[in-house]
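Student: next input, structure requested:
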Amino acid sequence: MQLKAAVIGQPIAHSKSPALHRAAYRALGADIDYRLIEVAPADLADFVAQIRAEQNWSGISVTMPHKASMLALVDARDADVQRTGALNTVLVDPADGRLLGRNTDIIGIVHALRHAGVASVQHAALIGGGGTARAALAALKQLDCQRADVYLRDPAKGGDLAELAAVLGLGLTLRPFAEAADPVTGAGAGAAELVISTLPPGVADPLAEALRGTGRGSNLLLDVAYDPWPSRLAHVWSESGGAVVSGLEMLLYQAVAQVAAFSGCDLAGREDVINVMCDSIGLPER
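Tutor: Now for the predicted structure:
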């Protein structure tokens, strides 16, 4: 029986997940039909009920705006989801149809940064405070990060991030969004050795010009937004002398983990599969 899988969100037309997954399943010989499905927030519960009823689903890739609301619709959550309160993956148990929430964004961020040569980081800055920021904090902990500054429109609403950082044993300072672009004092995001922007596409554009000049040769920016690429933020950062990691790198590595989970195939050492995934979205082979 052919299995189904999909990426869901709204908007969703820009997603490169179908290209990644379809390339991988062809290379693996896995009979999985991976689709792109736009699901409005009001329709999410009905969509999940449909998946349970059809009984031929392998998994779902979950993107905005469903990463938080999907939490209440799964039957179980793995340790990363329980810890961070964020998921981007739902596995369907073939035995009983139960839904398991997972978070592959964490491993996606870790592997993207390691591929860029980051073995560890002492001081990082996060821009934005949504589900991806929560995954980024967990990823930073895996990279032995000691402290992080998080820039939010309203720092008073960052209590959940502060609680997560305390659980992770990570020093955290919540700062106003405007302070991220403070090149004069050096206290802005450019002062950190690693900056991760978790903002959706286009949202960081007003910040980009203000950040001009804060990037330094040793500083690294990971911008999770990849459409369009380069983002305005990535362009300005690179112009200022900083190094940039594309959000496509994160997308690739989180998809590798999803493909392994959805197909049941061990991708350890399968550079052939990873390389066809790279080709599918225009990344250099590993």
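
Student: contacts for the helix or strand of the chain with the lowest mean pLDDT, please.
Tutor: Least confident element among the helices and strands of the chain, by mean pLDDT, DSSP states H and E: helix 205-210 (a mean of 82). For helix 205-210, contacts defined as Cβ atoms under 8 Å, 6 or more residues apart in numbering pick out 127, 177, 180, 181, 231, 232, 233, 235, 236, 237. For every residue, glycine as well, the C-beta is placed using N, CA and C.

Student: in it, which residues are buried?
Tutor: 207, 208 (16 or more other Cβ atoms under 10 Å).

Student: make 45 the starting number, not 1.
Tutor: Okay, using 45 as the starting number, the last item reads as helix 249-254.

Student: check contacts around the nearest residue to residue 196 once chain neighbours are set aside.
Tutor: Closest residue to residue 196 apart from its sequence neighbours, by Cβ to Cβ, 6 or more residues apart in numbering: residue 173 at 4.6 Å. Residue 173 is in contact with 194, 196, 201, 202, 205, 242, counting by Cβ under 8 Å, 6+ apart.

Student: out of these, which are buried?
Tutor: 194, 196, 202, 205, 242.

Student: residue boundaries of the helices in the stretch 95-244 of the chain?
Tutor: 123-128, 149-159, 175-186, 203-212 (DSSP state H, counting those that start in this stretch).

Student: so which of the ones you listed gets nearest residue 58?
Tutor: helix 175-186 (15.7 Å; Cβ to Cβ).

Student: buried sites along the closest one?
Tutor: Under 16+ other Cβ under 10 Å, the buried positions of helix 175-186 are 175, 176, 177, 178, 179, 180, 181, 182, 183, 184, 185.

Student: for the protein, longest helix please?
Tutor: helix 291-307 (DSSP state H).

Student: what residues sit buried inside the very next helix or strand once past that one?
Tutor: Beyond helix 291-307 in the direction of the C-terminus, DSSP states H and E gives the next helix or strand as helix 315-325. Across helix 315-325, burial judged by 16+ other Cβ under 10 Å covers 317, 318, 319, 320, 321, 322, 324, 325.

Student: re the thing from before, next, the angle from the longest helix of the chain to helix 149-159.
Tutor: 130 degrees (axes from the mean of the first three to the mean of the last three Cα atoms, to 10 degrees).

Student: got the angle between helix 291-307 and helix 175-186?
Tutor: Using the same axes, to 10 degrees: helix 291-307 against helix 175-186 is 90 degrees.

Student: report the distance from helix 291-307 to the chain centre.
Tutor: 10 Å (Cα atoms, centre = their mean, to the nearest Å).

Student: ditto for stretch 152-169
Tutor: 13 Å.

Student: that stretch: which residues count as buried?
Tutor: Those would be 152, 153, 154, 155, 156, 157, 162, 165, 168, 169, for stretch 152-169 by 16+ other Cβ under 10 Å.
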